[in-house]
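>>> Whatever this is, show me its structure:
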Amino acid sequence: MKRTWLVASIVGGVLALGVALGRPDRPAVAEEGGAAEFTGPGACRKCHFKHQKSWKDTKHAKALDILKAGERAEAKTAANLDPQKDYTKDAACLACHTTGYGQPGGFPELKDAWDEAETKRAKEHGGVGCESCHGPGSLYGPYKADNEQYKREEIAKLGMKVPVTAESCTGCHKAEGNPTAGTDYVFDFEKAKTDAAAIHEHVALQHPH
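Model prediction:
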């Protein structure tokens, strides 16, 4: 009898923990001030494999690489930048050429040396990844996995940007503070959102919401 009671208690505790972690009520957690963190493109790949695979070859995915010495030399020279300088060490550039720079779970802030966890995050978040456009995924990612019939308004409460709007892009895609864009630069969101070479291939969702 005691053993049966112990097993029941353990099972009940596990179930209670699942409820406490907030599977169906995750939106309420976000509304109460829970902060989402960046998780990296690997977390998105589990459900969005085709999107993530096509993203890996895009301009966004390689955004950090163009800051390296010798890359995009002509454009840098035209903008009065030193083409041989390593701009991956310039925080002003990293804000737009990485994902979640200096934010929880995102690309770590520059300092003399990163620890192991920070080095891993730098590798995961180098370039403009999924969460740069769709928001940090530590809350909405698990919620989507646990609730196949979720609604857009639910995951929006958890920090996911659906659909992506021009405001998600213009923090970086603007003339001000962008030395290679030119003062007459105008961002065309309607064109950009369909540019598979810049973002990713648009694949139909298995469970559209």
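
>>> okay, how far is it across stretch 167-174, tip to tip?
One end of stretch 167-174 to the other measures 11 Å (C-alpha to C-alpha, to the nearest Å).

>>> what's near enough to touch the residue nearest the centre of the chain?
Central residue of the chain (C-alpha atoms, centre = their mean): residue 131, 1.7 Å from the mean position. For residue 131, the contact set (C-beta atoms under 8 Å, 6 or more residues apart in numbering) comprises 38, 39, 40, 41, 44, 99, 100, 106, 137. The way it works is simple: take the backbone N, C-alpha and C, and place the C-beta from them, glycine included.

>>> Roughly how far does it sit from residue 50?
Distance, residue 131 to residue 50, by C-beta to C-beta, to the nearest Å: 18 Å.

>>> Around the closest residue to residue 41 other than its chain neighbours, how many other residues sit close by?
Counting by C-beta to C-beta, 6 or more residues apart in numbering, residue 41 lies nearest to residue 129, which is 4.7 Å off, once chain neighbours are set aside. By the measure other C-beta atoms under 10 Å, the count of residues near residue 129 is 27.

>>> cool, and residue 37?
Residues within reach of residue 37, counting by other C-beta under 10 Å, total 15.

>>> separation between it and residue 50?
Relative to residue 50, and taking C-beta to C-beta, residue 37 is found at 25 Å.

>>> Okay, strands next: where are they in the chain?
Shown for the chain, no strands are assigned by DSSP state E.

>>> Any regions of it where pLDDT drops low?
1-34, 207-209 (pLDDT under 70).

>>> and the contacts of residue 131 as JSON lines, adding distance to residue 84 and neighbour count?
Shown next, in JSON lines, are those (distance: C-beta to C-beta, whole Å; neighbours: other C-beta atoms under 10 Å):
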{"residue": "38", "distance to residue 84": "31", "neighbour count": "24"}
{"residue": "39", "distance to residue 84": "35", "neighbour count": "24"}
{"residue": "40", "distance to residue 84": "31", "neighbour count": "21"}
{"residue": "41", "distance to residue 84": "30", "neighbour count": "20"}
{"residue": "44", "distance to residue 84": "35", "neighbour count": "19"}
{"residue": "99", "distance to residue 84": "26", "neighbour count": "27"}
{"residue": "100", "distance to residue 84": "28", "neighbour count": "23"}
{"residue": "106", "distance to residue 84": "28", "neighbour count": "23"}
{"residue": "137", "distance to residue 84": "37", "neighbour count": "25"}
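
>>> Restricted to helices, list the residues you listed.
Counting by DSSP state H, the part of these found in helices is 41, 44.

>>> With respect to residue 61, which of the contacts of residue 131 is nearest?
Within the contacts of residue 131, the smallest distance to residue 61 is 8.4 Å, found for residue 41 (C-beta to C-beta).

>>> thinking the closest one is in contact with residue 126, fair?
No - Residue 41 is beyond contact range of residue 126, at 10.4 Å (criterion: C-beta atoms under 8 Å).

>>> Who are the contact partners of residue 85?
Counting by C-beta under 8 Å, 6+ apart, residue 85 touches residue 69.

>>> Same question for residue 166.
Contact analysis of residue 166 by C-beta under 8 Å, 6+ apart lists 187, 189.
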